[in-house]
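Engineer: Model the structure of this input:
(one chain, ligands or ions: 2)
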Amino acid sequence: MDLSIIIPLYNEADSLPELKAWIDRSLQGFTYELIFVDDGSTDGSWEAIRQMSGQVHGIRFRRNYGKSAALYEGFSAARGDIVVTMDADLQDSPEEIPEMVRMIREEGYDLVSGWKQHRQDNALTKNLPSKLYNWTARKVTGIKLHDMNCGLKAYKADVVKNIEVYGEMHRYIPYLAQNAGFGKIGEKPVHHQKRKYGVSKFGMDRFVHGFLDLMSLWFLSRFGSKPMHFFGTSGTLMFLIGFVMTVWIIVAKLVHQAQGLKYRAVTEQPLFYLALLAVVLGVMLFLAGFLGELVSRNAPERNRYQIKEHFSTKP
Ligand code: UDP
Ligand code: MG
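Structural biologist: Ligands and ions are numbered 1, 2, ... in the order given. Sure thing, here's the model as predicted:
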């Protein structure tokens, strides 16, 4: 089978019949399956999926888990050589899919992400924060995408079978892919439509959560399997700063005493409190490093590597 089209959806009943017809029109000449993941809809979306004809695979959650969970189940079920994800709300155009597939097949991309160049959403609450967010994501991940969180993406099947989307990490799938060793990531400007039916499922909190998740992923990819490198370095630095200050305070006092000059009590100097703080923080950071090492020593994925190829010769 050429393609698996994965469509996560939450209360999108009105859009589904049109979406199905639009996809079928756009993908003539391909063999494909449609995987609808109903993320706990309460509006008849599931009935709409049940009535569809063609190669359709429906997965229905008992409750709403979120888009990442829906994508995770979709990825596990996918059987096509190339896996495509798209939103169910008719904002993403399936007419873009053939070109994305061509880029993967002929230009060798591991992943092609859509880029909503002319985004049809509210300028103040979505487009502007999204620009800022994407700029940060580019700086942190080093992946040059304009629209990291675009719902419309195409992947080599290998990619989705080797990454694990969880929490709200669907925003950073290109980063997950890169961390798993799939480095050839491309981008294609795609048409974007206004939402025709229903309402957006994400509010402004997406940017706060998105930023925190980005920090977590960055930390995990750099120090996940060696937390002591982070905490040990900053802890040592802190401790040294505190130590130098302490020595300075003691020496200064002794020198003043020896020369018979006036001197203050140690606890009357601001420097004393700074030194105290730095030493305590340094020790705490070190302790966090040791705890981190204990935790990561027990992590089941501590020795899970992406092996691309394998061979051995007979004697
Ligand atoms: N979605 C989902 N589970 C959720 C929230 C959203 O499966 O908990 C689906 C939603 O139905 C849509 C896609 O994720 O197909 C993108 O959501 P939405 O259109 O609300 O996001 P926006 O376009 O506003 O960024
Ligand atoms: Mg949408």
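
Engineer: Touching, residue 188 and residue 112? I think so.
Structural biologist: Yes - checked against CB atoms under 8 Å, the pair residue 188 and residue 112 is within contact range at 5.7 Å. For every residue, glycine as well, the C-beta is placed using N, CA and C.

Engineer: which residues do these two both contact?
Structural biologist: Contact criterion CB atoms under 8 Å, 6 or more residues apart in numbering; residues shared by residue 188 and residue 112: 100, 103.

Engineer: what about these two, which has more around it?
Structural biologist: A count of neighbours by other CB atoms under 10 Å puts residue 112 above the other of residue 188 and residue 112, at 29 against 19.

Engineer: Now that one: which helix or strand?
Structural biologist: strand 111-116 (DSSP states H and E).

Engineer: what about that strand, distance to the chain center?
Structural biologist: Taking CA atoms, centre = their mean, to the nearest Å, the mean C-alpha location of strand 111-116 is offset from the chain mean by 15 Å.

Engineer: quick one, what contacts residue 249?
Structural biologist: Contacts of residue 249 by CB under 8 Å, 6+ apart are 266, 269, 271, 272, 275.

Engineer: List of residues touching stretch 108-127?
Structural biologist: Residues outside stretch 108-127 that contact it (CB under 8 Å, 6+ apart): 91-92, 96, 100, 103-104, 130, 145-148, 150-156, 158-159, 173-174, 177, 182-195, 200, 204.

Engineer: and ligand 2, which of those residues contact it?
Structural biologist: residue 91 (CB under 5 Å from the ion).

Engineer: Of the contacts of stretch 108-127, select the buried ones using a ChimeraX command.
Structural biologist: Selecting in ChimeraX just the buried members of these, where the criterion is 16 or more other CB atoms under 10 Å, is done with this command:
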select :91,92,96,100,103,104,130,145,146,147,148,150,151,152,153,154,155,156,158,159,173,174,177,182,185,186,187,188,190,192
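
Engineer: So the most centrally placed residue in the chain: helix, strand or coil?
Structural biologist: Residue closest to the mean C-alpha point of the chain, counted by CA atoms, centre = their mean, is residue 172 at 2.5 Å. Local secondary structure at residue 172 is given as helix here, using DSSP: H, G, I helix; E, B strand; the rest coil.

Engineer: before we move on, the earlier item: what about the contacts of stretch 108-127, which are in helices?
Structural biologist: 100, 103, 104, 130, 158, 159, 173, 174, 177 (DSSP state H).

Engineer: Tell me how far the second one lies from ligand 1.
Structural biologist: Counting by CB to the nearest ligand atom, to the nearest Å, the separation of residue 103 from ligand 1 is 23 Å.

Engineer: ok now do that residue, which residues does it touch?
Structural biologist: For residue 103, the contacting residues are 109, 112, 154, 186, 188, by CB under 8 Å, 6+ apart.

Engineer: Of those, just say which sits nearest to residue 53.
Structural biologist: Within these, the smallest distance to residue 53 is 24.2 Å, found for residue 154 (CB to CB).

Engineer: Just confirm that closest one contacts residue 80, I think it does.
Structural biologist: No - using CB under 8 Å, residue 154 is not in contact with residue 80, being 10.3 Å away.

Engineer: thinking again about what came up before, neighbouring strands - and their directions - for the strand holding residue 112?
Structural biologist: Sheet partners assigned to strand 111-116 using DSSP bridges are listed as strand 153-156 (antiparallel), strand 185-190 (parallel).

Engineer: what does the stretch 1-150 of the chain have sitting close to ligand 2?
Structural biologist: Contacts of the stretch 1-150 of the chain with ligand 2, taken as CB under 5 Å from the ion, map to 87, 89, 91.

Engineer: Distance check, the second one against residue 63.
Structural biologist: Relative to residue 63, residue 89 is positioned 20 Å away (criterion: CB to CB, to the nearest Å).

Engineer: Who has more neighbours out of these two?
Structural biologist: Neighbour totals were compared for residue 89 and residue 63, and residue 89 leads with 25 against 7 (other CB under 10 Å).
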